[in-house]
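> Any chance you could fold what I've pasted below:
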Amino acid sequence: MNVESNPARKRGRPKGSTCRKIFNLSFDQMLLRNPRFIARRCPRHVPPPSILVPAIQHVFDTFGPALDAKTGTPLFSKQAWAKENAVIELAQEGYLSDIEGISMYKKTGIDKYGLEKFKLLRGTNNVEGGPHGDIYRKFGALNAGPRFTVNCLTDHRTWYNLQAFSMHLYGVDWDYHHDIGLINQTSFLLNYLSDLLEGADSYLDWINGDLYEATNETFGICKIPEALRNRLGMEPYSKAATETYNIKGNNDWLRLRQGLAMPVLPPTTPEARKYFFSQAPRFAAIASSQGKMKIDYEAFAQEWNRSADGKERFYITTEVLAGYAKTWEKVNNIRASQELIADKLDLVSRTRDTFAALDLPFPPYLADNFAVSTQPSRGVIDFEGPLPLSLSTNAPVSVPRDANAAVFHSSNPPPPFPEVGLEPGPSCYQPPLLLDHTLDLSQWTEILVDDL
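Next up, the predicted model:
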C-alpha cells in the first residue's frame, strides 16, 4: 500500500488518460511496468499523522504476521516488530510527513506528451559527494551500455585522478584539459628544448607516463579466462568466428574484449528470457530428484551455450544464470506467499481509497517554485502582564528636546495634528523634520554632546 497521496487520483487521473492514449495501458498498469515514468510526472504528498499513522499500522498488521511460503516463518521477527513500533512513533510525531508550506518538488519542464515533469527534493542524493554520486548520476541519465560504460568510466577516472593529483600536491584545482597523451607529448617536447628556450621547463614536475613501461592490468571489460571458456563450452574469438557469427555494433566490440566468438550477455531478448523460463523448471526438477537444493548452473550454462546463435541468444555464465534465477525464485515465492494471504490482500485493495483520503484537497504548495509562509502553530506566548515595548501600540518615538533648535528646520510647516483628544507628546506620532545639512562637523558634535 502506498501511503503517499497521488494527485492523479484526485484530479481524474489526467496522466492515466495519457497512458491509455499513448501506451495503451491504464494508470495502474503503467505504474507497474514503468514506475519511473509515473514518478517523474506525478508529485506525491506524505499526509499528516492523522492519515499516515492508521495507514502504516494497517499495513504492518496485515503483512507482519504473514507467512513465507518457502520458509514458513512470519515476515516480521521480534526485531522487526520493535522497529515497527519506532516507525509508528516517528509517524505520530509528524517526522515522516511533509512539512506544510515546503515544496518537495521542482518543475523541470514539459515532456513530448504535454505532461509536466518534476524533480524530487527529498533525500540526500543531491548532496552526496565523491566519485560514486557522479557516476550514478551520469549513468542514470545516459542509460549507458557496456561500451559506453567503459568510455564513461575512463573519462571519469582520468578527470578524478587529475583533480586529486593537483589538489593533493599543489593545493589547487586542475584548471586544464584532460588529454593525457597531449600533455605527455607537450611535456617531452618542452623538456627537450629546455636548454634552448627560456621557460620551457614548465612541465618539469610532470610524470610522463610514456617514458615508463605499460602496466599489464586491464581496466573495464576483461578477457574471459581460457579455463572458464573451455569449461562452459565457449568458442574463442577468431576470424572464422566473426564470419560464422555476423555480429555488428557494440556486441562485436564486446566479444573482442572478452575474447569470445559471441559476447557474454544476460537474457536481454524476449527469446532468451523465454528460453530461460522454459528450462529453469526442468533443471530445478532434476536437482530436486537428485536431492539437491540448488540448480546445476554449470550444466545449464553448457546447454545454453551449445544452442546460442549470436542473434537471439548469446553466451552466458553460471554467475549470470544464478543471479537471474534468484529473481525467478523470488517471483515464484512472492506469488505463493500472496496466495496464502489472498483474503488480506483483497481487504487492502478494498480499503485503499479509504486510507488515501481522497476527499481531502491536494496541497497547492506541493509543486510550486516557492514555499508558502505560514504562522507557527506551536510556541505562542500567553502574556499575562504588560506587553513588551516591541509589541506595544504606543511605542515611543524619538523627538528633539527643543523643537526650535537650529539643528532642525522645515521648509513646509507640518500639517496640524489630528484632533483625537490627545496632545502631541513623546509617545504620539510627530511629522518628521528635515535635518539641516548646513551645519559642520564641530556643530553636530556639540549638539550631540549636549543632547547626551
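> From the rest of the structure, what touches stretch 244-258?
With C-beta atoms under 8 Å, 6 or more residues apart in numbering as the test, stretch 244-258 has contacts from 145-147, 220-224, 237, 242, 261-265, 309-310, 314. All C-beta spots, glycine's among them, are computed from the backbone N, C-alpha and C.
> let's see it at 7 Å
G145, P146, R147, I221, K223, I224, Y237, A261, M262, P263, V264, G310 (C-beta atoms under 7 Å, 6 or more residues apart in numbering).
> For these, which entry has the maximal number of neighbours?
M262 (26 neighbours; other C-beta atoms under 10 Å).
> quick revisit: and the contacts of stretch 244-258 as TSV, adding pLDDT, distance to A299 and secondary structure?
Below are those laid out as TSV (pLDDT from 0 to 100; distance: C-beta to C-beta, whole Å; DSSP: H, G, I helix; E, B strand; the rest coil):
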residue	pLDDT	distance to A299	secondary structure
G145	78	30	coil
P146	84	27	helix
R147	85	31	helix
I221	89	26	coil
K223	91	24	coil
I224	91	19	coil
Y237	93	25	coil
A261	93	21	coil
M262	93	19	coil
P263	93	22	coil
V264	93	17	strand
G310	89	22	coil
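> D346: which of the residues you listed is nearest?
Minimum separation from D346 among the contacts of stretch 244-258 (C-beta to C-beta) is found for G145, which lies at 42.5 Å.
> Could you pull up phi and psi at the closest one?
Main-chain torsions, G145, degrees, to the nearest 10: phi -90, psi -170.
> Relative to P267, how far out is it?
G145 sits 16 Å away from P267, going by C-beta to C-beta, to the nearest Å.
> which intervals of the protein have sub-threshold pLDDT?
Under the criterion pLDDT under 70, the flagged ranges of the chain are 1-16, 123-143, 199-201, 357, 362, 364-383, 385-452.
> Please enumerate the strands of it.
Using DSSP state E, the strands found in the chain span residues 105-110, 116-120, 408-409, 434-435.
> circling back: nearest to D296, of the contacts of stretch 244-258?
Using C-beta to C-beta, the contacts of stretch 244-258 come closest to D296 at V264, 19.0 Å.
> Next up, phi/psi of the nearest residue to D309 once chain neighbours are set aside, please.
Excluding the flanking residues, the one nearest D309 by C-beta to C-beta, 6 or more residues apart in numbering is Y245, at 7.9 Å. Here is the backbone geometry of Y245 (degrees, to the nearest 10): phi -110, psi 100.
> re the thing from before, nearest to A284, of the contacts of stretch 244-258?
V264 (23.0 Å).
> isn't the closest one right next to T317, touching?
Yes - with contact defined as C-beta atoms under 7 Å, V264 and T317 form a contacting pair (5.8 Å).
> Tell me how many other residues surround L256.
15.
> er, E213 I mean
6.
> just R313 next, same as before
22.
> thought it was touching K274?
No - applying C-beta under 7 Å as the test, R313 and K274 come out as separate, 9.9 Å apart.
> related to what we said a few turns ago, could you export the strands of the chain as JSON lines, including distance to G181 and mean neighbour count?
Formatted as JSON lines, the strands of the chain follow (distance: least, C-beta to C-beta, whole Å; neighbours: other C-beta atoms under 10 Å):
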{"stretch": "strand 105-110", "distance to G181": "38", "mean neighbour count": "13"}
{"stretch": "strand 116-120", "distance to G181": "38", "mean neighbour count": "16"}
{"stretch": "strand 408-409", "distance to G181": "78", "mean neighbour count": "14"}
{"stretch": "strand 434-435", "distance to G181": "71", "mean neighbour count": "10"}
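> would TSV of the ones you listed with distance to H168 be doable?
Output for the strands of the chain, formatted as TSV (distance: least, C-beta to C-beta, whole Å):
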stretch	distance to H168
strand 105-110	36
strand 116-120	34
strand 408-409	66
strand 434-435	60
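> So for D343, which of those strands sits nearest?
strand 116-120 (35.2 Å).
> Spatially, what comes nearest to V264 if we skip its sequence neighbours?
Closest residue to V264 apart from its sequence neighbours, by C-beta to C-beta, 6+ apart: Y315 at 4.7 Å.
> And that neighbour, how far from T218?
19 Å.
> And these two? Which one has more around it.
A count of neighbours by other C-beta under 10 Å puts Y315 above the other of Y315 and T218, at 24 against 9.
> quick one: that one from I99, how far?
Separation of Y315 from I99 (C-beta to C-beta) stands at 53 Å.
> so how far is the first residue of stretch 162-176 from its last?
The straight-line separation of the ends of stretch 162-176 (C-alpha to C-alpha, to the nearest Å) is 9 Å.
> Quick one: residues in contact with that stretch.
Residues contacting stretch 162-176 (C-beta under 7 Å, 6+ apart): H178.
> ok, which stretches of the stretch 151-300 of the chain are helices?
180-192, 226-231, 239-244, 250-258, 270-289, 297-306 (DSSP state H, counting those that start in this stretch).
> Of all those helices, which one is nearest L211?
Across these, the minimum distance to L211, taken as C-beta to C-beta, is reached by helix 180-192, at 7.7 Å.
> can you list the contacts of stretch 244-258 in TSV and add distance to F118?
What follows is the contacts of stretch 244-258, written out as TSV (distance: C-beta to C-beta, whole Å):
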residue	distance to F118
G145	28
P146	32
R147	32
I221	37
K223	45
I224	44
Y237	47
A261	47
M262	43
P263	38
V264	39
G310	43
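> Please identify which of the residues you listed is nearest to R41.
G145 (25.9 Å).
> Find the residue closest to E271 in space, skipping its chain neighbours.
Nearest to E271 is E312, by C-beta to C-beta, 6+ apart, at 3.9 Å.
> Now the one you found, what are its backbone angles?
phi -100, psi -30.
> In contact with it, which residues?
The contact partners of E312, by C-beta under 7 Å, 6+ apart, come to T269, E271, A272.
> go on, I110?
Contacts for I110 (C-beta under 7 Å, 6+ apart) come out as E116, K117.
> Specify the beta-bridge partners of it.
E116 (DSSP bridges).
> pretty sure K70 is touching N333, no?
Yes - at 5.0 Å, K70 counts as touching N333 under the criterion of C-beta under 7 Å.
> Could you report the distance from the residue nearest to E271 to R36?
Counting by C-beta to C-beta, the gap from E312 to R36 is 27 Å.
> cool, and N184?
Noted for N184: a distance of 43 Å to R36, by C-beta to C-beta.
> Y170 too?
Taken as C-beta to C-beta, the span from Y170 to R36 is 43 Å.
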